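[1] Need coordinates for the below:
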Amino acid sequence: MDAIIMAGGRGLRLGRGEKPLVALRGKPLIGYVLDALRRSSKIGKVFVSTTPSSPLTRAWVMEHYDDVGLIDTQGVGFVRDMIFAVEASGTSGAVLIIMADLPLVTPALIEKIIDTYGRVDEPALSVHIPLSICSSYGIRPDTIFNRDGRLIVPVGINILDAGRIREEQPDYNYILNDAELAVNVNTKNDLRMCELICENRLGPG
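    All right, here's what the predicted structure looks like:
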């Protein structure tokens with residue numbers, strides 16, 4: 001399965017330049033996502049989708065990852081840019097879409113998500129975590145859904161049928177309890193939370 005990282009964010013709330021390049025323990029956020037995808041045995045080609053708002057991200061990826069495809073979109077909105085990126089990638093079948101601000105994602109998590117997609121009937125899959133996990137880290141998510149009385153939060157990982165990318169695709173809500181997915185780095189508090197989690201797991205950076 002191919003993967004596309006959506007990396008067009010301006011990072012206005014962080015206030016540290018292009019969000020994919022914000023450093024966590026000396027490494028850009030997008031670098032963590034790229035490395036997790038490239039280490040996964042279930043991922044084929046990896047693409048990074050940038051916008052006019054993220055030229056430095058494009059240059060950084062080009063310099064450090066010569067095996068990663070780059071797709072320039074117009075920056076006209078997430079959905080339209082994503083459709084363009086999927087079509088421009090030339091991928092077929094299922095494609096994994098992931099945001100560039102998920103530095104705690106791991107190859108094992110990616111493979112778990114892909115394995116689950118292979119067992120469901122819907123053409124699409126969206127990954128969520130319970131709101132309670134976000135609350136336990138003091139994180140206030142931008143979007144919350146109620147699914148059968150359970151409050152869940154989208155984490156920014158989806159699998160879609162590339163051949164139907166211009167259609168609204170019925171999706172399976174895959175709910176995980178993995179804390180690694182709780183932190184989308186949108187604010188300084190989110191970044192600090194990532195730093196604390198990394199420090200607890202890996203020691204001082």
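
[2] where along the protein do the strands fall?
    2-6, 23-24, 27-28, 46-50, 69-72, 94-99, 124-130, 145-147, 150-161, 171-175 (DSSP state E).

[3] Quick check: neighbours of the first one in the sheet, parallel or antiparallel?
    Paired with strand 2-6 in the same sheet, following DSSP bridges, are strand 46-50 (parallel), strand 94-99 (parallel).

[4] possible to save those as CSV with distance to residue 179?
    C-beta here means a position set from N, CA and C on the backbone, and glycine is covered the same way. Below are those laid out as CSV (distance: least, CB to CB, whole Å):
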stretch, distance to residue 179
strand 46-50, 24
strand 94-99, 17
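
[5] which of those strands is buried the deepest?
    strand 46-50 (a mean of 25; mean count of other CB atoms under 10 Å).

[6] circling back to that earlier point, JSON lines for the strands of the chain, including distance to residue 108?
    Listed next are the strands of the chain as JSON lines, based on distance: least, CB to CB, whole Å:
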{"stretch": "strand 2-6", "distance to residue 108": "15"}
{"stretch": "strand 23-24", "distance to residue 108": "19"}
{"stretch": "strand 27-28", "distance to residue 108": "19"}
{"stretch": "strand 46-50", "distance to residue 108": "17"}
{"stretch": "strand 69-72", "distance to residue 108": "24"}
{"stretch": "strand 94-99", "distance to residue 108": "15"}
{"stretch": "strand 124-130", "distance to residue 108": "14"}
{"stretch": "strand 145-147", "distance to residue 108": "25"}
{"stretch": "strand 150-161", "distance to residue 108": "14"}
{"stretch": "strand 171-175", "distance to residue 108": "15"}
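
[7] Turn those strands into a markdown table, including mean pLDDT.
    Below are the strands of the chain laid out as a markdown table (pLDDT from 0 to 100):
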| stretch | mean pLDDT |
| --- | --- |
| strand 2-6 | 98 |
| strand 23-24 | 88 |
| strand 27-28 | 92 |
| strand 46-50 | 97 |
| strand 69-72 | 97 |
| strand 94-99 | 97 |
| strand 124-130 | 95 |
| strand 145-147 | 90 |
| strand 150-161 | 94 |
| strand 171-175 | 95 |
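
[8] Just tell me which of those ends up closest to residue 138.
    strand 150-161 (13.7 Å; CB to CB).

[9] helices or strands next to that closest one in the packing?
    strand 94-99, helix 107-117, strand 124-130, helix 131-136, strand 145-147, strand 171-175 (3 or more CB pairs under 8 Å, 6 or more residues apart in numbering; DSSP states H and E).

[10] tell me the most buried of these?
    It is strand 94-99: most buried of the helices and strands packed on strand 150-161 by mean count of other CB under 10 Å, with a mean of 23.

[11] contacting residues around stretch 83-94?
    Contacts to stretch 83-94, defined as CB atoms under 8 Å, 6 or more residues apart in numbering, come from residues 1-2, 4, 6, 45, 47, 49, 69, 71, 73-74, 95, 97, 117, 159-163, 165-166.

[12] Report the buried residues of that stretch.
    For stretch 83-94, a neighbour-count test (16 or more other CB atoms under 10 Å) marks 84, 85, 86, 89, 91, 94 as buried.

[13] what about the longest helix in the protein?
    Ranked by number of residues, the top helix in the chain under DSSP state H is helix 188-202.
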